[in-house]
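Undergrad: how would this look folded up:
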Amino acid sequence: MMTNGPSVDEQIEIYRKMVVVRRMEEALGALHKQGGTRGPIHRCDGQEAVGVGATAMLRSSDQVTSTHRGHAHYIGKGLDVHRVVAEILGKETGYCRGRAGHMLVASAADGLVGGNAIVGAGIPAATGIALSLQLQGRDDVAMCLFGDGAAQTGICHESMNIAALWKLPVIFLLEHNQYGLTVHHAAQSSVADLSVRAAGYAMPAEIVDGNDSVAVYIAAANAVERARSGGGPTLIEAKTYRLEGFSTSDMGGYQDEAEIALWRARDPLTVARARLAGEIDTEVLDGLEADAAQVVDDAFAAALADPPPEFELHPASAAYSGGA
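TA: Below you'll find the predicted structure:
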């Protein structure tokens, strides 16, 4: 059964979350410049429509694996902004009590298995989770979000092969943001559309506009429905663009300015707002954006004031150090 697009109310919530993610990324970038973050941050500016649109229809019991660039996945899956920011800043109030950092945020209650600092490592994890769901007889699904760099790894192909063979309930959602580190995809792949590889596993595939949250939602919803009903995996290639550098420590200079301008003109927030403008008043959209910005401001203010983790020395370590 093909799904219709999200309702206006669902589009409003998707847009709100996208604005939250963008404001969070901008705040993290500013904080990094001030020396307020521990290590570089991998921002996802320009990719919000994928992370939020693809997860909008999921249940809390559906399982998602993320990447090193997963902040939109976190917010899309329903995580609390304050606790996400607190985790990124290494605070006790974070989802992993300040021990995960920005790449490894996880929440079992929300079905977020977590990000991964190893490129492509979330792909076999999601496949294994899908096998577990199948063996338990559950109709929940696994969704694996990964990039075009990860699509070049051997474990990606191994996972897709076994997922198709066993008809596992997993959605492979490829965020094709055009760059792996500082290298354009044309220098990394012999094909422009990575989704063509799905044919080698007899797996259905679809290319969508990754800057259109509604298009992403529809493709993901159909794949989720197929997986829930026992139809097996799907590969979705969402064409999008990384507007910022690989991380906040990236010096840049390798992205063509004309290319950046072309993609900025199709900013996913601009696309989503333009569609909603035909349904609701401008004042309502302005208020929504202001409220989202305030949520982020409040989250940062609270997280910056939160306490750091309290570390307890393991008894064996205490004994070794003479503390016991």
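Undergrad: please enumerate the helices of this protein.
TA: 8-33, 48-55, 71-76, 81-88, 122-135, 154-165, 213-228, 257-264, 268-277, 282-305, 315-320 (DSSP state H).
Undergrad: want to throw these into TSV with mean neighbour count and distance to residue 239?
TA: Any C-beta I mention is one placed from the backbone N, CA and C, and that applies to glycine too. What follows is the helices of the chain, written out as TSV (neighbours: other CB atoms under 10 Å; distance: least, CB to CB, whole Å):
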stretch	mean neighbour count	distance to residue 239
helix 8-33	20	17
helix 48-55	31	9
helix 71-76	29	16
helix 81-88	24	26
helix 122-135	21	19
helix 154-165	18	18
helix 213-228	23	10
helix 257-264	12	10
helix 268-277	18	12
helix 282-305	15	26
helix 315-320	11	50
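Undergrad: worst mean pLDDT among those?
TA: Of all these, the minimum mean pLDDT falls on helix 315-320 (a mean of 59).
Undergrad: and the gap between the nearest residue to residue 211 once chain neighbours are set aside and residue 184?
TA: In space, and not counting its chain neighbours, residue 211 is closest to residue 268: 4.4 Å by CB to CB, 6 or more residues apart in numbering. Distance, residue 268 to residue 184, by CB to CB, to the nearest Å: 21 Å.
Undergrad: just to revisit the earlier point, quick one: closest of the helices of the chain to residue 198.
TA: helix 154-165 (7.1 Å; CB to CB).
Undergrad: now the closest one and helix 213-228, what's the angle there?
TA: 60 degrees (axes from the mean of the first three to the mean of the last three CA atoms, to 10 degrees).
Undergrad: off-centre distance for helix 154-165?
TA: 21 Å (CA atoms, centre = their mean, to the nearest Å).
Undergrad: stretch 160-169 too?
TA: 22 Å.
Undergrad: which residues sit against it?
TA: 127, 130-131, 133-134, 139-142, 170, 172, 197-198, 201-203, 227-228, 230-233, 235 (CB atoms under 8 Å, 6 or more residues apart in numbering).
Undergrad: hang on, the earlier thing: is it possible to get CSV of the helices of the chain that adds distance to residue 98?
TA: Compiled in CSV, the helices of the chain are given as follows (distance: least, CB to CB, whole Å):
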stretch, distance to residue 98
helix 8-33, 16
helix 48-55, 23
helix 71-76, 15
helix 81-88, 6
helix 122-135, 22
helix 154-165, 30
helix 213-228, 31
helix 257-264, 35
helix 268-277, 30
helix 282-305, 10
helix 315-320, 19
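Undergrad: what's the closest of those helices to residue 247?
TA: Across these, closest to residue 247 is helix 8-33 (CB to CB), at 9.0 Å.
Undergrad: name the helices or strands packed onto the closest one?
TA: Contact analysis of helix 8-33 by 3 or more CB pairs under 8 Å, 6 or more residues apart in numbering; DSSP states H and E lists helix 48-55, helix 71-76, helix 81-88, helix 213-228, helix 268-277, helix 282-305 as its packing neighbours.
Undergrad: mind checking the helices of the chain for the one nearest to residue 109?
TA: The nearest among these, by CB to CB, is helix 81-88 at 11.2 Å.
Undergrad: okay, the angle between the closest one and helix 282-305?
TA: Going by the same axes, to 10 degrees, helix 81-88 makes 40 degrees with helix 282-305.
Undergrad: ok, and what's touching helix 81-88?
TA: Taking CB under 8 Å, 6+ apart as the rule, helix 81-88 contacts 20, 24, 28, 37, 41, 71, 74-75, 92-96, 98, 100-102, 105, 295-296, 298-300, 302-303, 306.
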